[in-house]
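**Student:** Provided below are the primary sequence and the corresponding predicted coordinates.
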Amino acid sequence: MSRRFTAILLTVAFIFIGVGTGAAVVDEQTNWGQTYVDQLDCRYPVSEAIGDYNFNDYISVSDMKSLLKCVMDADIELASTTRQEVVSKLVDIYAEKTGINLDEVLFVALVPFEDFNKISPEYTRNIMYAYSSGLLKGRGNSLMEPSDRLSYAEAFVLLGRLEGMAAEDSFHVEGEVVKQESGIKFNFKLVNRSGQKQDLTFASTQLYEVVVSDRTGKEVYRYSENMMFAQVISPRTIEAGEFIAGQAAWDMKDQAGVLLPPGRYNVQLTFIPLESRDPYNSTLSTVLSFNI
C-alpha cells in the first residue's frame, strides 16, 4: 500500500505538560504529573505493576513494558525508553486498538520541533501522528529531544493521553428521538467499533447525560437534575460490535415544569466514562435536532 502523507513545512511551537505515577516517591511539593497518576491508578493496578519510583528518574524498559501491559493490555518489543521509540510504540498501539491505517493519514504539519531532523527516519511518521493527534507536545523551547530517555512522569503523561484517545476513537454514539403522546423519548447507545473488546470505567451509576436546549442555546432539560446516583466505580467490558444503551423520557417541560412552546430544539446525548479526556465534558457524544 502506498503512503499518502504530504510534507508541508510548518514549525509549530508547543509546551510540554507532564504526568506522574501510582506509588511515586514525591518531593515536598506535589509533582506536576500526580493528577494523571491518580486518574490511572483508580482504574489500573499501576502501583503493583511497577512498585516504587521517582517521577524524575528515567523509566526502565521493564517498567515501561509493565505499564503498557497494565493500562493498555499491550505486549510490545522495546529496545530502549528514548522519547522517539516510546512515542512511536504508543502510536502503533493506538492504531491497532482503533483500526486506523497510519499510511493513509494526511499530515498537515511535519516540522513541529526545531530539532525535528534529529528524529530517526523509522520513527518520523508515528511522531508526526503523535504530534498532530495531541499525544505528544514535546518539551519547552519547541524541542522534541528524541534521543533523550523518558522520565516516569513523562511516561504517565503519555499513557494518560493515549488511554483517553483510544477510548474516544474506539467508540461511536448513535441516537434517535422518538415522539410519543406523553412526551419524547431519547434512545441512544455507545457502540464499540474498534474490532476488539474494550473496557470502560464510570465514576458512578450515572453512565450518561442528556441535555436539551432551545434554538438560542438555553438549557431547558437535564436528565441528571434532581436525580441521585451511587458514587461507586462501575467498570464495564464492551465486546467488539456491542454497545451500552441509554434512554431518557422527557415530558417536554422546562426546568420549572412549564410546557415548552412548539419549535426547534437540540439534544446532546453524552456518555461519561473516566477514560474520556474530560468526563464532565466528554466527546463521547452526539447532538440531534428535533421539533416539538
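**Tutor:** Good, I have the coordinates.

**Student:** which ones are touching Glu219?
**Tutor:** Each residue near Glu219 by CB atoms under 8 Å, 6 or more residues apart in numbering is listed here: Val211, Val212, Ser213, Gln255. Every residue, glycine included, has its C-beta placed from N, CA and C.

**Student:** Now the buried members of these.
**Tutor:** Among these, those buried by neighbour count (16 or more other CB atoms under 10 Å) are Val211, Val212, Ser213.

**Student:** Which ones among the residues you listed map onto strands?
**Tutor:** Using DSSP state E, the members of these that fall within strands are Val211, Val212, Ser213.

**Student:** one step back: any idea which of the buried ones among the contacts of Glu219 is the one closest to Leu274?
**Tutor:** Distance to Leu274, by CB to CB, is smallest for Val211 among the buried ones among the contacts of Glu219, at 19.8 Å.

**Student:** Okay, the closest one and Phe271: tell me how far apart.
**Tutor:** 13 Å (CB to CB, to the nearest Å).

**Student:** now Asp199
**Tutor:** Applying CB to CB to Asp199 and Phe271 gives a distance of 14 Å.

**Student:** before we move on, back to that, and which of the contacts of Glu219 is nearest to Phe290?
**Tutor:** Nearest to Phe290 among the contacts of Glu219, with distances taken as CB to CB, is Val212, at 9.1 Å.

**Student:** list the contacts for that closest one?
**Tutor:** If you count contacts by CB under 8 Å, 6+ apart, Val212 has them with Glu219, Val220, Tyr221, Arg222, Trp250, Tyr265, Asn266, Val267.

**Student:** for stretch 61-73, which positions count as buried?
**Tutor:** Within stretch 61-73, the residues that count as buried by 16+ other CB under 10 Å are Asp63, Met64, Lys65, Ser66, Leu67, Leu68, Cys70, Val71, Met72.

**Student:** Then stretch 76-88?
**Tutor:** Thr81, Thr82, Arg83, Gln84, Glu85, Val86, Val87, Ser88.

**Student:** can you list the buried ones among the contacts of Glu219 in a markdown table and add pLDDT?
**Tutor:** Shown next, in a markdown table, are the buried ones among the contacts of Glu219 (pLDDT from 0 to 100):
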| residue | pLDDT |
| --- | --- |
| Val211 | 95 |
| Val212 | 96 |
| Ser213 | 93 |
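
**Student:** What mean pLDDT does stretch 114-131 get?
**Tutor:** For stretch 114-131, the mean per-residue pLDDT is 91.

**Student:** what does stretch 165-173 give?
**Tutor:** 80.

**Student:** do stretch 261-274 as well
**Tutor:** 92.

**Student:** next one: that stretch to chain centre, how far?
**Tutor:** 21 Å (CA atoms, centre = their mean, to the nearest Å).

**Student:** try stretch 246-256
**Tutor:** 29 Å.

**Student:** now stretch 65-73
**Tutor:** 16 Å.

**Student:** and what of stretch 139-156?
**Tutor:** That offset, for stretch 139-156, works out to 20 Å (CA atoms, centre = their mean).

**Student:** in it, what's buried?
**Tutor:** Within stretch 139-156, the residues scored as buried using 16+ other CB under 10 Å are 139, 142-146, 149-156.

**Student:** By pLDDT, give me the weakest of the residues you listed.
**Tutor:** The model is least sure about Arg139 among the buried residues of stretch 139-156, giving it 74.

**Student:** Please verify my assumption that that residue contacts Pro146.
**Tutor:** No. Arg139 is beyond contact range of Pro146, at 10.6 Å (criterion: CB atoms under 8 Å).
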